[in-house]
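Participant: Give me coordinates for this.
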Amino acid sequence: MPPPAPAQTPVYLRRTQPSDLPVLYEMQTDPESNRMAGTKPRTREVFFSVWAGHFENPLLNTRVIEVDGPSGRHVVGGISCFQADGHDCVGYWIARDHWGKAIASRALTMFLLEEPRRPLHATAATTNAVSHRILEKNGFRRTGTRMGEETDRFLAREIADYVLE
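Facilitator: Take a look at the predicted model:
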């Protein structure tokens with residue numbers, strides 16, 4: 001008889017609150033996470049300023065991703081639907097300590113059940129194979145590849161474009 005599959009960590013989504021920002025800020029400063037995503041970390045001032053606008057924007061659907069820990073549930077990432085280049089887009093970020101636990105994939109599955117907008121677009125650096133698998137597992141179809149220009153938030157990098165109809 002094969003051994004039982006390892007138990008998956010339960011994943012929870014809830015609306016992002018201002019009190020979540022310090023932990024989300026720390027996550028987005030991780031050098032390895034930024035390298036994988038092709039992003040540049042924001043300064044604390046810019047990060048909190050951008051989020052102040054997010055909380056006032058009714059078109060944004062932002063959630064934190066939580067898991068159970070020794071002292072209760074704690075935030076391990078974020079996921080959102082936002083506007084970019086005239087499209088409804090999805091993006092997510094998981095703290096590096098929680099990579100490899102299928103948290104992002106399960107959070108995206110849950111998020112797509114509550115987010116009615118379609119089509120939804122997503123991008124991933126072509127070097128981020130894990131994110132490609134997460135998107136494809138959740139029904140996103142790769143529509144092309146392009147060079148992304150360097151901005152105050154992103155590094156110049158090759159990007160894969162995805163859509164969920």
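
Participant: Of all the residues in stretch 91-109, which ones are buried?
Facilitator: By neighbour count on 16 or more other Cβ atoms under 10 Å, the buried set for stretch 91-109 is 91-95, 98-99, 101, 103-108. All C-beta spots, glycine's among them, are computed from the backbone N, C-alpha and C.

Participant: likewise stretch 130-137?
Facilitator: Buried-residue list, stretch 130-137, by 16+ other Cβ under 10 Å: 131-132, 134-135.

Participant: Let's see whichever strand or helix holds residue 78 as CSV, backbone CA atoms only.
Facilitator: Under the criterion of DSSP states H and E, residue 78 resides in strand 72-84. What follows is strand 72-84, C-alpha atoms only, in CSV (Å, rounded to 0.1, in the frame of the first residue of the first chain):
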residue,chain,number,x,y,z
GLY,A,72,-3.2,31.1,14.9
ARG,A,73,-3.6,32.3,11.4
HIS,A,74,-1.0,34.5,9.9
VAL,A,75,-0.5,36.2,6.6
VAL,A,76,1.8,34.5,4.1
GLY,A,77,1.0,36.4,0.9
GLY,A,78,-1.4,38.4,-1.1
ILE,A,79,-3.5,38.1,-4.2
SER,A,80,-5.5,40.7,-6.1
CYS,A,81,-7.4,41.6,-9.2
PHE,A,82,-6.4,45.0,-10.6
GLN,A,83,-6.4,47.1,-13.8
ALA,A,84,-3.3,47.2,-16.0
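
Participant: Which strands or helices does the next helix or strand after that strand pack on?
Facilitator: Remark: after strand 72-84, the chain's next helix or strand is strand 87-94, criterion DSSP H and E. Where contact means 3 or more Cβ pairs under 8 Å, 6 or more residues apart in numbering; DSSP states H and E, strand 87-94 is packed against strand 72-84, helix 103-114, strand 120-125.
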